[in-house]
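**Student:** model the structure of this input:
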Amino acid sequence: MKLGWSMGYWGAGPRPGIEQVVAEADRLGLDSIWTAESYGSDALTPLAWYGARTTRPRLGTGIVQMSARTPTAVGMAAMTLDHLSGGRLILGLGTSGPQVVEGWYGQEYGKPLARTRQYVDIVRKVVARERLTYQGADYRMPIEGGTGLGKPLRSTIRPLRDDIPIFLGAQGPKNVALAAEIADGWLTLFFGPKLNDHYRKILAEGFARPGARRDKDGFEVAVSVDVVVDDDIEAAADKVRPGLALYIGGMGAAEVNFHRNQFVRMGYEQECEKITELYLAGRKDEAIAAVSTKMVEEVALIGPKAKIADDLAGWRNTIATSLILQRGDIPTLRTMAELME
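**Tutor:** You can find the predicted model right below:
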């Protein structure tokens with residue numbers, strides 16, 4: 001199992017000291033460095049900026065939101081970044097949720113599975129430098145109507161790699177199976193050993209589909225995980241609780257929240273209902289307090305170094321091929337690099 005690190009989203013601006021963490025990740029020989037985007041900082045710009053200060057890690061977008069850019073624009077950006085980084089790009093893509101897609105990007109959420117399939121197909125055609133003609137339900141090139149002057153075009157540059165790896169960010173069973181069918185890897189949030197058998201079966205379903213791109217031996221599963229090294233387990237959990245409360249109670253509508261569903265699958269339905277109710281009522285401190293330490297331990301590695309080493313054994317026996325540390329500092333990177341040797 002490999003080790004990666006994600007710089008995550010910005011807060012009000014760039015995270016202080018991030019250049020030093022990037023440099024340490026490079027020095028330690030981490031397998032990958034990732035960025036993220038929602039409706040603030042974008043994923044591509046920081047990846048290029050900070051990635052230029054590294055030499056070894058693969059550089060991943062976790063994730064580029066598909067509604068933010070046309071598939072041809074993403075194909076162009078992917079080829080450009082792959083050239084500039086010497087072939088280190090991992091293109092992580094995802095649909096995001098209806099709140100962001102319709103509220104921020106002003107697009108209909110529609111049918112995300114069908115749209116994802118079309119999007120990935122077009123990106124691959126761009127990267128392979130095919131002359132682009134495509135007639136799908138969501139994307140049509142050249143477009144019908146208009147001036148009538150549209151032409152089937154192909155990229156003016158030649159890709160460094162004509163098959164850049166694509167990972168899909170997914171949590172729902174249908175999206176995960178789609179990732180196994182059409183992608184090179186799966187990016188997952190709020191995964192833990194308890195969900196391993198559940199997702200192993202779903203991935204197997206995707207691998208078994210006609211024309212599936214890979215099998216389980218060539219497919220990567222990159223798991224995002226919070227790590228807090230602290231002799232006080234409750235203090236460590238306190239650093240993770242606010243993020244879980246936000247994702248469970250505030251990221252999405254009460255009736256549609258893919259993040260909350262992860263914890264429901266692990267048996268925390270009543271806790272999730274309480275957290276959501278409190279969060280949406282504006283009682284955020286109470287929602288945070290309602291996230292139990294046990295819930296934190298399902299999806300995060302917290303506590304003294306020796307406890308984390310013991311807990312890590314359970315993750316090694318899962319489908320995860322990489323653990324992606326979320327916003328970890330230099331001491332945490334060093335500890336995890338040592339534990340995963």
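**Student:** what segments of the stretch 51-200 of the chain are helices?
**Tutor:** Taking DSSP state H, counting those that start in this stretch, the helices of the stretch 51-200 of the chain run over residues 71-84, 98-103, 112-127, 173-182, 196-207.
**Student:** compute the inter-axis angle for the third one and helix 71-84.
**Tutor:** In this case it means helix 112-127. Helix 112-127 and helix 71-84 meet at an angle of 50 degrees, taking axes from the mean of the first three to the mean of the last three Cα atoms, to 10 degrees as the criterion.
**Student:** so what secondary structure elements neighbour helix 112-127?
**Tutor:** Packed against helix 112-127 by the contact rule (3 or more Cβ pairs under 8 Å, 6 or more residues apart in numbering; DSSP states H and E) you find helix 71-84, strand 89-94, strand 134-135, strand 166-169, helix 173-182. Quick note: C-beta positions are derived from backbone N, CA and C, even for glycine.
**Student:** do the first one as well
**Tutor:** Judged by 3+ Cβ pairs under 8 Å, 6+ apart, the packing partners of helix 71-84 are helix 44-51, strand 89-94, helix 112-127.
**Student:** average model confidence for the longest one?
**Tutor:** It stands for helix 112-127. Predicted confidence along helix 112-127 averages 98 (mean pLDDT).
**Student:** list of residues touching that helix?
**Tutor:** Contact partners of helix 112-127, identified using Cβ atoms under 8 Å, 6 or more residues apart in numbering, comprise 66, 71-72, 74-76, 78-79, 91, 93, 95, 132, 134, 136-139, 141, 155, 159, 161-164, 166, 168, 174-175, 178, 182-183.
**Student:** run the last query once more with 6 Å
**Tutor:** Among residues not part of helix 112-127, those counted as contacts by Cβ atoms under 6 Å, 6 or more residues apart in numbering are 66, 71-72, 74-75, 79, 95, 132, 134, 136, 138-139, 159, 164, 166, 174, 178, 182.
**Student:** could you list the buried residues of stretch 210-218?
**Tutor:** By neighbour count, with 16 or more other Cβ atoms under 10 Å as the criterion, the buried positions of stretch 210-218 are R213, R214.
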